[in-house]
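Engineer: Structure for the following, please:
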Amino acid sequence: MEKVFFDGDRFRIWQVKQLLEEKGIACFIKNEFAIGAMGELSPMDVLPEVWIYDPQWLPKAKVFIEEFLAQPIDLTPWYCTKCQEQNEPSFEVCWKCTTNRPD
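Structural biologist: Sure thing, here's the model as predicted:
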């Protein structure tokens, strides 16, 4: 097993885990709930981490993660093409009519 990513942002941890699983790389999150032990343990010991089971996937996993992290984060709201409703940038479907976000 190899650690491939760590971050204090649990949402980012889950994004990386999902990315790797979509690419066919079996992985898991370590220390997911350890944040409650901060103070008893050092901050570095409680950060959530993404680990892969098979070390042979390490080079590809690192490339996928680097490409993912290099993508700019779009914080611009988008408007539904069907109902014209404004949606948050993180939404993939319109919250009002469930139309898919345009590309």
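
Engineer: can I see the domain layout of this protein?
Structural biologist: For the chain, automatic domain parsing gives the domain ranges 2-70, 73-103.

Engineer: Next, format those domains as a markdown table and append mean neighbour count and mean pLDDT.
Structural biologist: From N, CA and C alone the C-beta is placed, and that goes for glycine too. As requested, the domains of the chain are exported to a markdown table (neighbours: other Cβ atoms under 10 Å; pLDDT from 0 to 100):
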| stretch | mean neighbour count | mean pLDDT |
| --- | --- | --- |
| domain 2-70 | 14 | 86 |
| domain 73-103 | 12 | 92 |
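
Engineer: Who's the closest spatial neighbour of the residue positioned nearest the centre of the chain, skipping the chain neighbours?
Structural biologist: Per Cα atoms, centre = their mean, the C-alpha nearest to the average position across the chain is that of residue 15, at 1.2 Å. Counting by Cβ to Cβ, 6 or more residues apart in numbering, residue 15 lies nearest to residue 68, which is 7.4 Å off, once chain neighbours are set aside.

Engineer: Tell me if the one you found really is in a helix.
Structural biologist: Yes - Residue 68 forms part of a helix when assessed by DSSP: H, G, I helix; E, B strand; the rest coil.

Engineer: is it true that it touches residue 18?
Structural biologist: No - the pair residue 68 and residue 18 does not pass the contact test of Cβ atoms under 8 Å, sitting 10.1 Å apart.
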